[in-house]
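Asker: Any chance you can model this:
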Amino acid sequence: MSSFAQFTKWLRKKQIQIEVTFAVYMFTPWEKFAFYSIVFLLFSLTFIAAVLYLPHHVTVLAGRVWYYINGESIDVAASARGAVREVLTSGVLDATIPIVTAAETPLVKAEL
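Answerer: Just a heads-up that it's a prediction; the model follows:
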């Protein structure tokens, strides 16, 4: 049995499991359509929200963890630039790769 056929069989098994668990098998065709449309909409919105907002939220949490551990705020972008500069100047990468350096002082000073 091919992997595609196995995947199709597994997917059908999961659909039957959902239909039995939530009693969707008793719905009429238009009720099934409405139910699956709402489920698809909710999962899609959740996925889009996770993709859009989770990375920013993780950086905010990392900044808070840094503050709680060290007692001082950290500029995440400046810290990332410093880490990249350290890796690039440590000789880990090949010397033929051109290195672009950023300005030492930020153009806009952030005040909290």
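
Asker: mind checking the SS state of the spatially most central residue of the chain?
Answerer: The residue lying closest to the centre of the chain (C-alpha atoms, centre = their mean) is residue 51, at 4.7 Å. Of the three states, residue 51 takes helix under DSSP: H, G, I helix; E, B strand; the rest coil.

Asker: if I look at it, how far off is residue 58?
Answerer: Per C-beta to C-beta, to the nearest Å, residue 51 is found 12 Å from residue 58. C-beta: built from backbone N, CA, C; applies to glycine.

Asker: Likewise for residue 70?
Answerer: The gap separating residue 70 from residue 58 is 18 Å, by C-beta to C-beta.

Asker: What of residue 81?
Answerer: To residue 58, residue 81 is 18 Å away according to C-beta to C-beta.

Asker: Over to residue 5?
Answerer: Note on residue 5: its distance to residue 58, by C-beta to C-beta, is 39 Å.

Asker: hang on, the earlier thing: which one's more surrounded, residue 81 and residue 58?
Answerer: Neighbour count, other C-beta atoms under 10 Å: between residue 81 and residue 58, residue 81 has more, with 16 against 10.

Asker: Can you mark which positions in the helix or strand of the chain with the lowest mean pLDDT are buried?
Answerer: Taking mean pLDDT, DSSP states H and E as the measure, the helix or strand of the chain with the lowest value is helix 76-89, at a mean of 78. Neighbour counts over helix 76-89 (16 or more other C-beta atoms under 10 Å) mark residue 81 as buried.
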